[in-house]
Structure formats: C-alpha cells, structure tokens
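J.: here you go, sequence then predicted model.
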Amino acid sequence: MDNRKEDIALIAGGAGFIGSHLTDALLARGLRVICIDNFQTGRLQNLRHLEHEPRFDLIDGDVIDPLPANLLRNRSISFVLNLACAASPPHYQADPEHTLITSVVGTRHLLRLAEARGARFLLASTSEVYGDPEVHPQRESYWGHVNPTGPRACYDEGKRAAETLTFDFLRAKRADVRVARIFNTYGPRMRADDGRVVSNVITQALSGDDITMYGSGEQTRSFCYVDDLVEGLVRLLTYDGEFRGAINLGNPAEMKVHELAEQIVEMTGTRSSITFRPLPVDDPRRRRPDITLAQKVLDWAPRVPLTVGLEKTIAHFEEEARVAARLPLEKKTAPGRKRRVGGTAGAAAH
C-alpha cells in the first residue's frame, strides 16, 4: 500500500464496533480516513478520541442515498471499505428493508465511487452467507444453506447480493476488489444491546441478571478478538497478489455457547443463573471457519487467546456500566439516535 500523505480511505460504517477499530488501524498506518455512518448502530463515542485528529473526518450520511458530491469529486480516495450494515439479528431485523437495501444499493454506490476514483474496494461480508451450514468447517468454496425468505434473509441474502455485485464489478474490470467473510467477532466497543452471545452473557453477568441461553447451548461458535480481525482486514486491503476470491476471517477454535457462558460466569464471579429459551428461527447450529486460505494468502491467523480477549471485553462493559450510572436520568432516556457531522469534510463523509 502506498501511504502517500494524500491517500484517503473512506470507511462506510466507520462508527461501528469493527469500523471504528479499523479507522484507528488505518490512521496508525498514516492514511487519512473519512468515515460515513448513519448512526443506526454506530456510536459517536467509538470515535470521540479522534475529535481533534486532523487526518480524520466524519460524515453523518446513509449509503443508500446518493453519496455527497464532494466525496465523488475527491480524487485522493485510494480505498473504499464497506462495513455499512447492521450486523446483529435484533438490529438488522428491526428494519429489514433498510438492511437489504444497505447491502445492495449501498454497495452499488460505494462500488461506483471506487470505480470512478480507481480506488481499491473492500467488502465486509459475513459468515452468514453460509446460513445454517451443512458443511463443517466452512470453507470459501461452500455455497451455503440459507433460507431466502426467513427473518434472517434480509441480512444473509443482502450480503450474498453484495458479494455478487462486488464480483460482477471485478469480472467487468470496473474495480479492484477484496471480500472478507467475517465470523463471530468480539471486543471493546461492542454494544450491550446488540443481542450477540458475548455481549449478552457479559452484561447479564455483570448486572446479576439471569443469563439467557438460546436453545440447548450445544450450538457452537468461534470467537475472534477484534484486534485480530482488524489485522486480517488490513492485510486483505493491502494485499497485492493475484487472488481475488472471498476470504474467511475468524477464529477456528470452536466451542459450545454454554461453555462460553460458563467461562464468563467464572471470570466475572457472578451469581447469575443460566436460563434457557427457544432457539431463534434459522439460528446456525454450528459455525467454524476454515482459514487455510487466509493463512496461505495473507499469512494471517488469530493470536489473542479467548481469556485475554474476554478480560478486555468485560473491562469495556464494566466501564460502560460505570459511565451509565453517572449519567443524568434525562440522558439515559432521551429518545432518538445521536447524529453529528464533523471534521473538515462537512456533510460529505461517513
């Protein structure tokens, strides 16, 4: 990657959990970063430490809308990264139409920007393209087992369509593209209300509430710490070799979700009990990435042990709870989502 001073990376969804960590990583590598986010699930607090960073700009905008004119005119954009979509079931199912349109129309807008600027495009896809897999572990050659009309389809099929668009642009030689299929990721800046097993169990354990376990707890997941994932994304973004297919990024260490819950209970010292509820529709029974391709192409594999990652994640949620306890009541209950336009880019960038 040519880190000339004027090189700019545009990150759609840069105020989100993963997007904000990726923003930090690219700034640390000397790039300027423009973030565009509609704050549906992204949060200003994830970027507040960059408020006085001269190489960072933030735009309040939605990629389903036409991109701001000054972005389209910016000839220094060298990288376009699409992380713009709600990624947890409670969030993406809250507005399924918007979820699907974000993956299709939003991806098209960003691909066209990459085409116009000659920029490299990276799509943050997902392990959900494999659905409830019948092949285990999941390798990139597997086409998946997805319910196209179920409650998860807005996200699963949306990401599959986003991959289709991305590879159509590649085949037509309209853009230089990279596609990452991201498996379960955890770490600081996760939202407490995102409905994922790590955040659910930690927040319930810290509050002393019963810990909710869906299904029998025998279903499996593989948990990758966010720093490891971001390193993989940066390596993929900067990869200059010939391979152009999708690449799995995740931790191949598989565990049952009840084992994760038991580990968090032990680490937090909570007296919470574990309660069981029915498994949501189309929830995958097993999930584990085959990362052979990432190891070969990117020389990448996760390194952070689960215990270390969980310690940092628990500390994050403990600090969030302390901050929330100090907030005035009106701040806690204020309706609506936070929105802000900042930086020198004005109303032009997410």
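T.: All right, it came through fine.

J.: mind listing the strands for the stretch 151-300 of the chain?
T.: Ranges of strands in the stretch 151-300 of the chain, per DSSP state E, counting those that start in this stretch, are 176-182, 185-186, 211-214, 220-222, 224-225, 246-249, 254-256, 274-277.

J.: out of those strands, flag the one nearest residue 80.
T.: strand 176-182 (9.6 Å; CB to CB). C-beta coordinates here come from the backbone N, C-alpha and C atoms, glycine included.

J.: how far is that closest one from where the chain is centred?
T.: 13 Å (CA atoms, centre = their mean, to the nearest Å).

J.: please, which helix or strand holds residue 304?
T.: Using DSSP states H and E, residue 304 sits in no helix or strand.

J.: and the residue lying closest to residue 183 once chain neighbours are set aside, how many neighbours?
T.: Leaving aside its sequence neighbours, residue 183 sits nearest to residue 250 (CB to CB, 6 or more residues apart in numbering; 2.6 Å). Neighbour count of residue 250, defined by other CB atoms under 10 Å: 28.

J.: just checking, residue 250 touches residue 186?
T.: No: Residue 250 lies out of contact with residue 186 (CB atoms under 8 Å); the separation is 11.1 Å.

J.: residues in contact with both of these two, list them for me.
T.: residue 224 (CB atoms under 8 Å, 6 or more residues apart in numbering).

J.: stretch 207-223: which residues count as buried?
T.: Within stretch 207-223, the residues that count as buried by 16 or more other CB atoms under 10 Å are 211, 212, 213, 214, 217, 219, 220, 221, 222, 223.

J.: average pLDDT across it?
T.: For stretch 207-223, mean pLDDT rounds to 95.

J.: same question, stretch 128-145
T.: 97.

J.: that one spans what distance, first to last residue?
T.: End-to-end distance for stretch 128-145, by CA to CA, to the nearest Å: 9 Å.

J.: residues in contact with that stretch?
T.: Residues contacting stretch 128-145 (CB under 8 Å, 6+ apart): 127, 146-147, 152, 155-156, 159-160, 163, 181, 245-248, 252, 254, 282-290, 292-293.

J.: so how far is residue 115 from residue 169?
T.: 7 Å (CB to CB, to the nearest Å).

J.: same check, this time on residue 269
T.: Residue 269 is 54 Å from residue 115, where distance means CB to CB.

J.: neighbour count: these two, which is higher?
T.: Regarding residue 269 and residue 115, a neighbour count based on other CB under 10 Å identifies residue 115 as having more, with 17 against 8.

J.: secondary structure element for that one?
T.: Using DSSP H and E, residue 115 falls within helix 107-117.

J.: so which elements touch that helix?
T.: On a contact count with 3 or more CB pairs under 8 Å, 6 or more residues apart in numbering; DSSP states H and E, helix 107-117 meets strand 8-12, helix 69-73, strand 77-82, strand 120-126, helix 153-171, strand 176-182.

J.: buried deepest among these, which one?
T.: Of all the helices and strands packed on helix 107-117, strand 8-12 carries the top mean neighbour count, a mean of 28, counting by mean count of other CB atoms under 10 Å.

J.: quick one: distance of that one to the chain centre.
T.: In terms of CA atoms, centre = their mean, the centre of strand 8-12 is set 15 Å apart from its chain centre.

J.: and for stretch 26-36?
T.: Worked out by CA atoms, centre = their mean, stretch 26-36 lies 17 Å from the chain centre.

J.: now it - C-alpha only, CSV.
T.: The C-alpha trace of stretch 26-36 is given here as CSV (Å, rounded to 0.1, in the frame of the first residue of the first chain):
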residue,chain,number,x,y,z
LEU,A,26,-5.6,2.9,9.1
LEU,A,27,-4.8,6.2,10.8
ALA,A,28,-2.0,4.5,12.6
ARG,A,29,-0.7,3.4,9.2
GLY,A,30,-0.5,7.0,8.0
LEU,A,31,-3.7,7.3,5.9
ARG,A,32,-6.3,10.0,6.1
VAL,A,33,-9.7,8.5,6.9
ILE,A,34,-13.2,9.7,6.1
CYS,A,35,-16.0,7.9,7.9
ILE,A,36,-19.6,7.9,6.7
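
J.: in it, what's buried?
T.: 26, 27, 31, 32, 33, 34, 35, 36.

J.: then stretch 182-190?
T.: Buried residues in stretch 182-190 (16+ other CB under 10 Å): 182, 183, 184, 185, 186, 187, 188, 189, 190.

J.: between the residues you listed, which sits nearest residue 263?
T.: For the buried residues of stretch 182-190, the minimum distance to residue 263 (CB to CB) is 12.5 Å, reached by residue 186.

J.: OK, contacts around that closest one?
T.: Neighbours of residue 186 in contact, by CB under 8 Å, 6+ apart: 196, 198, 199, 223, 224, 225, 226, 309, 310, 313.

J.: just residue 232 next, same as before
T.: For residue 232, the contacting residues are 180, 249, 294, 298, 300, 302, by CB under 8 Å, 6+ apart.

J.: how close does it sit to residue 94?
T.: 29 Å.

J.: count the neighbours of residue 277 for me.
T.: By other CB under 10 Å, neighbour count at residue 277 equals 9.

J.: ok, residue 274 next?
T.: Neighbours around residue 274, by other CB under 10 Å: 16.
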